[in-house]
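Asks: Take a look and give me a structure for this.
(2 chains)
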Amino acid sequence: MNTLAALVPILPLLSFLVIGLNFRRLPKPVTSILACGSVLVSFIFSVVLFFHIKGGNPTVNVTLFEWIPAAATSLGFSFVVDPLSSLMLLIVTGVGFLIHVYSIGYMHDDEGFNRFFSYMNLFVFSMLVLVLGSNYLMMFIGWEGVGLCSYLLIGFWFKNQAYNNAAKKAFIMNRIGDLGFLLGMFILYVQFGSLDYQTVFAKASLLESGNLILTIATMLLFVGAIGKSAQIPLFTWLPDAMAGPTPVSALIHAATMVTAGVYMVARSHALYILAPATMMVIAVIGITTALFAATIAIFQNDIKKVLAYSTVSQLGYMFVGLGMGAFTGAMFHLTTHAFFKALLFLAAGSVIHAMGGEQDIRKMGGLKKALPITWLVFLAGTIAISGIPPFSGFFSKDEILLHAYEQNKVIWVLGILGSLMTAFYMFRLFYLTFAGMFRGTDKQKQHLHESPKSMTIPLIILAVLAVAGGLLNIPAVFGGSSSLNTFLSPIFGSGVEPVGEVSYGTEILLMSIAVIGSLAMIGFAWFRFVKTATIPVTDGIKRPALSNLLYHKYYIDEIYQFLIEKPVLWLSDIMHLFDVYVIDKTVNFVGNATVWLGKQSGFLQTGNIGFYLIAMVLSIVAFLVFGLMI
Amino acid sequence: MLTISLILLPLLASLILFLLKDKKGFHILALVASLAELVLGIVALFGFDKGAARNFPFDAMWIKSMGISFSFGMSGLSLLLVLLTVFLVPMIILTTFHRDNKYSSAFYGLILLMQSALVGVFTSSDGFLFYIFWEMALIPIYFICGLWGGENKIKITLKFFIYTMLGSLFMLTALIWLYIKTPAPHTFNIDTMVMVKLPLGEQFWVFLAFFLGFAIKIPVFPFHSWQPDTYTVAPAAGSMLLAGIMLKMGLYGILRFLIPSCSFTVIQFAPVVMIMAITGLLYGSVIAIKQKEIKRLIAYSSFAHVGLMTAALFALNVDALQGTIYQMISHGFNVVALFFIADIIQRRTNTLQINELGGIAKVAPRFAVFFMIVMLGSVALPLTNGFIGEFLMLVGMVQYSFYVAAIAGISIILGAVYMFWLYQRSMYGETKPVTAAFADLTSTEMWVAVPLIIIIIAMGVYPKPILEIAKPTVESILFSLKPLKEAIIPVL
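Replies: Coordinates of the predicted model:
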């Protein structure tokens, strides 16, 4: 098992190296086989490991070598496979594999085909290191590694400087979060003399709840999660990140990387439950982000931007779950979200592919006929995210909301509100894309076609998962056994999530509120975009103030530019001037003053021996007098 | 004997080169000599005994009446810096192997002379010898910059020369002061010199003199104004020698002389030095963001990096010192790689103005990969060499003060800002007139680029051997400080 666990990340790494070193020579089929094959084998190993763990075997620990021998502890390059990481392994390699296969078709005509797959493999490697690491430093390797791959893939079409700006923005915003992560890690290191999960958690469990140092450390780690998982205030990079090829958006910016923050908090569960203040902050930031992003999503017209804001919003829900102590719920939602959001992005990619690169939903419509498979799977994903039973999103979102209801009714109300908005903007997107009449050009109309098999088969598999993913954790109220809860209980403990205090009757009632509300919103979306066939206004036409604000994403980018970017650039200029005109000039002044002094005293060197003699005698007298005086 | 050979080999080779007067193949001779030196360095690495305080000792009396001796030896730190030197010099020489090379044999002679002096600085066990080598290193670099530099070379090089000379004189004063305080008969033996127990009042002045000497060399804010101009105007090989190796002399000096000899004052004034160094770190990083010329950007970035190293030195704990030493080595390779990149761009396009560049990644993919990896090392991405050093330095600084580390940590963000922006503007986008025909790395250039890539990644993946070599030095430096640390209250 140890070898297997080590091979899971190493295979994609090897594939990356082979493709990366031969990116100009390898023919496309070879690259495809290497890239997809390595992830597939990793997936198979992950399945084996999963059943190994599920069979009640102890966790698998592998130390490849000693990495950094620091003063207090030695930091090993080591992996751990336990229920939590094995669940993540399945998602990363499973969804990752499907997206790799899809990419073969999607990227087929791109001249950077090999480069694309080498980056994708590198990403899978980094992500696997992130989830497999057995200490915070290992997680940080993956953490920054996925950030780099995200940068490389967002700016994949690097001729376009707007894309590059988006890539750079993503990296830098992530780096801001990473600094928080680092500092949090440092505190743990100083406090516990280790960064190993086991040691840190064991030592932390001896501390009292609400311990100040733990609170600060968990807050700082959470700053890292804010950056990586695109929460307020560091969320603006994610919508921009849609500049990357669509499979990238599906893999990195929906299913895996952006959930790293959720994984990190879940992994550090032992620390967070001792820091109630941090938990509250997480819940508040989560719910705020969920609502904030949902309102923006309602007014976006770019198919990928809607999905991007939706991702931000759904990640918010996961953090609400974490903040409310529903760790399993958050991981459950992470899993189902990986299915349905990857599905939605890939289906959107199929649409964009058919439309010849068009992403504006105002110019789509009526695509159901030309893209029947895409239509069907998109519908499945849309229903799943809208929380309609028995699709997967219903169960996972419900679990989070139920915990919210128990802990904090305000957050529950806001959560329901957000889920209503979700149903609305998703069906708005769905109807505008697939229903009604085609609004594109004639040329586009002739070009319309269903995607090749390599793209549709992954879509169908993901659709099945999105529909049935809820089976993972059917709550007791439906006679289920909460199997995910049981599986993850060695990590989160079975007593932490107090389900059952709410009576089944209340639980059913709460579910009904959410479902009926969502159905009503779907009806409203249908009425607005199908019945009355409203099309969002074209750019340039004046919008009402509120929708204008939302369309422009609350002007957050502009505010950041004004508050941070401009001042820093301005400071850079000022400091440079200071450097050249104050510091350097001072140094030069000292130098010149010396030269000047030398010149001024030059008159003493007259060459007149008489003068020298007099000077000498006077000096001797002066010395003598001076000597007598003291 | 090994240490002596390490000093003499490049010295002899440089003399031959001076005499050769541009006979054919002189640059090959220089390369061969530097490679032979590399072999000697590797022999030293394998013969090194981590347990011994002084490896490969060589002692011979020189001026008996003054207690001056020819005495050399290597600590773990010396070995690492010698290795840095012997690895970098062949690479630096190789970077000059191109068609429009206009360097004479004297140029290579100067490089090797400088190498000899640098090895001398890092291995001297005698303070007087140390000073001689210290000054000897300045002369070749003065000529390299003054003769082969760019615009305004004379003025800028002279300023650099006088400025660092001034610092050296301060350092000499401190050395002599320590010398006369050694028990009679006085000796220049460094280990004896730094053991001298100075009264507090005197210690302050010795501290100040040493600090000025080293701070100008490193440079520490605000003594840095010679640096951006000099790095910019120097020929590529000169910038590489300066930033890659020479500035480490200052950091080495702090570790070898300042901390052991003035431990009281060092602990007392550590906060002051840290503030200066971290000011420089953030100041350099912010200025780098808007630089328009690549070499100047690298200069400010290097200035920022050494700010962090200096600050970490004064945190005075194992992690911070280990991190600094690791970063001294990493930075040496990374900054040489950056200047190499700048040189390639300048030779191909005749410009270093960033806004005239663009789209190079499209036409020169190998170069783009090389630049990318160097950039990642420079912004300290995990699994590159830069990360190990920065991680240990910051971890060490946290143990000193959380706030100091947090403020210094901002540079991690700023570093990404200026490096990624530089990369984006020069490598991405559409090609411009000067970059349309940008040739990819030649096979000679690959001989420099590939080893650098390997070093950047290998040092990031497996740092243990280097850290283990450095550890005894770090522990012995900190050992004497231990009892003092609780007793002394810092000034701030």
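Asks: which outside residues touch the strand or helix carrying A:Ile457?
Replies: Element membership for A:Ile457, per DSSP states H and E: helix A:453-468. The contact list for helix A:453-468, computed with C-beta atoms under 8 Å, 6 or more residues apart in numbering or on different chains, reads A:95, A:98-99, A:101-102, A:104-106, A:336, A:339-340, A:342-343, A:346-347, A:349-350, A:353, A:373-374, A:376-377, A:380-381, A:384, A:391-393, A:450-451. Where C-beta positions appear, they are placed from N, C-alpha and C, glycine not excepted.
Asks: right, and the helix or strand after it?
Replies: Next helix or strand after helix A:453-468 toward the C-terminus (DSSP H and E): helix A:483-492.
Asks: pLDDT on that next one, on average?
Replies: For helix A:483-492, the mean per-residue pLDDT is 83.
Asks: before we move on, what about stretch A:373-383?
Replies: 92.
Asks: again with stretch B:282-300
Replies: For stretch B:282-300, the mean pLDDT works out to 93.
Asks: That stretch: which residues count as buried?
Replies: B:282-291, B:293-300 (16 or more other C-beta atoms under 10 Å in any protein chain shown).
Asks: Stretch B:160-178 now?
Replies: Of the residues in stretch B:160-178, those buried (16+ other C-beta under 10 Å) are B:160-161, B:163-164, B:166-168, B:170-178.
Asks: Over to stretch A:248-264?
Replies: Neighbour-count burial for stretch A:248-264 flags A:248-264 (criterion: 16+ other C-beta under 10 Å).
Asks: By average pLDDT, which secondary structure element in the chain comes out worst?
Replies: Reading this off chain A. Averaged element by element with mean pLDDT, DSSP states H and E, chain A has its least confident helix or strand at helix A:545-551 (a mean of 81).
Asks: Not counting its own residues, what contacts it?
Replies: Helix A:545-551 has contacts (C-beta under 8 Å, 6+ apart) with A:295-296, A:298-300, A:542-543, A:555.
Asks: likewise stretch B:4-16?
Replies: Applying C-beta under 8 Å, 6+ apart, the contact partners of stretch B:4-16 are B:29-30, B:33-34, B:36-37, B:40-41, B:44, B:58, B:72, B:82, B:86, B:89, B:108-113, B:115-116, B:119-120, B:123.
Asks: same check, this time on stretch B:306-313
Replies: Applying C-beta under 8 Å, 6+ apart, the contact partners of stretch B:306-313 are B:215, B:218-221, B:247, B:251, B:254-255, B:259, B:273-274, B:276-284, B:320-321, B:323-324, B:327-328, B:331, B:389-390, B:393-394, B:396-397, B:404, B:408, B:411.
Asks: Find the nearest non-adjacent residue to the residue most central in space within chain A, please.
Replies: Residue closest to the mean C-alpha point of chain A, counted by C-alpha atoms, centre = their mean, is A:Val258 at 2.2 Å. Closest residue to A:Val258 apart from its sequence neighbours, by C-beta to C-beta, 6 or more residues apart in numbering or on different chains: A:Ser229 at 5.2 Å.
Asks: check contacts around the one you found.
Replies: So A:Ser229 contacts A:258-262, A:315, A:318-319 (C-beta under 8 Å, 6+ apart).
Asks: Could you rerun that using 6 Å?
Replies: A:258, A:261, A:315 (C-beta atoms under 6 Å, 6 or more residues apart in numbering or on different chains).
Asks: For A:Tyr74, name its beta-bridge partners.
Replies: Just to correct that, residue A:74 is Ser rather than Tyr. A:Pro69 (DSSP bridges).
Asks: so how many other residues sit close to A:Leu291?
Replies: When neighbours are defined as other C-beta atoms under 10 Å in any protein chain shown, A:Leu291 has 17 of them.
Asks: Report all helices and strands that whatever helix or strand it lives in contacts.
Replies: A:Leu291 belongs to helix A:276-298 when assigned by DSSP H and E. Contacts defined by 3 or more C-beta pairs under 6 Å, 6 or more residues apart in numbering or on different chains; DSSP states H and E place helix A:276-298 against helix A:212-228, helix A:303-323, helix A:409-434.
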